[in-house]
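Peer 1: Sequence and predicted structure are below.
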Amino acid sequence: QLRPVESGGGLVQPGDSLRLSCAAPGFSSNDWVIGWFRQAPGKEREPVACISVRNGETYTRDYAKGRFHISRDSATDTTFLNIRDLRPEDTAVYYCGALVANFAFMLCLGSRSGISWGQGTQVTVAP
């Protein structure tokens, strides 16, 4: 079963920037939406931002607007999440998910049923 593969996490200091990558070569057709989610210790997994493979349409949660930016390189089938001004509360495992959907918000806000998940990449923000 194909799954996205995340990379780019690590230990960073508050105020730093980071770019996470999601390699998803099996999810390159226009039917797919790719998204970033995160799960902090003791909390539920929450959506950050999602992007449509078909037209690059994006959806970003309100809390993430301004510091988180999702983008996609169609040549390499890689979806990125750029995060700036990292804060300790951004500490979480960041997951990439893929879903057949018509619009980006459907992955970010819809049911988690049918999502293909990666294994996650840990981001820790600490002095």
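Peer 2: Here it is on my side, so go on.
Peer 1: Just give me the residue closest to the centre of the protein.
Peer 2: Nearest to the mean C-alpha position of the chain, by C-alpha atoms, centre = their mean, lies Trp36 at 1.6 Å.
Peer 1: which SSE is it in?
Peer 2: According to DSSP states H and E, Trp36 maps onto strand 32-39.
Peer 1: pull the CA atoms of that strand into CSV?
Peer 2: The C-alpha trace of strand 32-39 is given here as CSV (Å, rounded to 0.1, in the frame of the first residue of the first chain):
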residue,chain,number,x,y,z
TRP,A,32,-5.8,13.8,-4.9
VAL,A,33,-5.6,16.4,-2.1
ILE,A,34,-2.5,16.3,0.0
GLY,A,35,-2.5,17.8,3.5
TRP,A,36,-0.4,18.4,6.6
PHE,A,37,-1.7,17.6,10.1
ARG,A,38,-0.1,17.6,13.5
GLN,A,39,-0.6,15.9,16.8
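Peer 1: which residues are contacting that strand?
Peer 2: 4, 20, 22, 24, 27, 45-53, 68, 70, 72, 79, 81, 90, 92-101, 103-104, 106-108, 120, 123 (C-beta atoms under 8 Å, 6 or more residues apart in numbering). All C-beta spots, glycine's among them, are computed from the backbone N, C-alpha and C.
Peer 1: about what we covered before: please determine how far the residue nearest to the centre of the chain is located from Pro127.
Peer 2: Using C-beta to C-beta, to the nearest Å, we find Trp36 at a distance of 25 Å from Pro127.
Peer 1: And the strand holding Trp36, what's buried?
Peer 2: 32-38 (16 or more other C-beta atoms under 10 Å).
Peer 1: Each with direction, which strands does that strand pair with?
Peer 2: Strand pairing for strand 32-39, determined by DSSP bridges: strand 46-52 (antiparallel), strand 92-100 (antiparallel).
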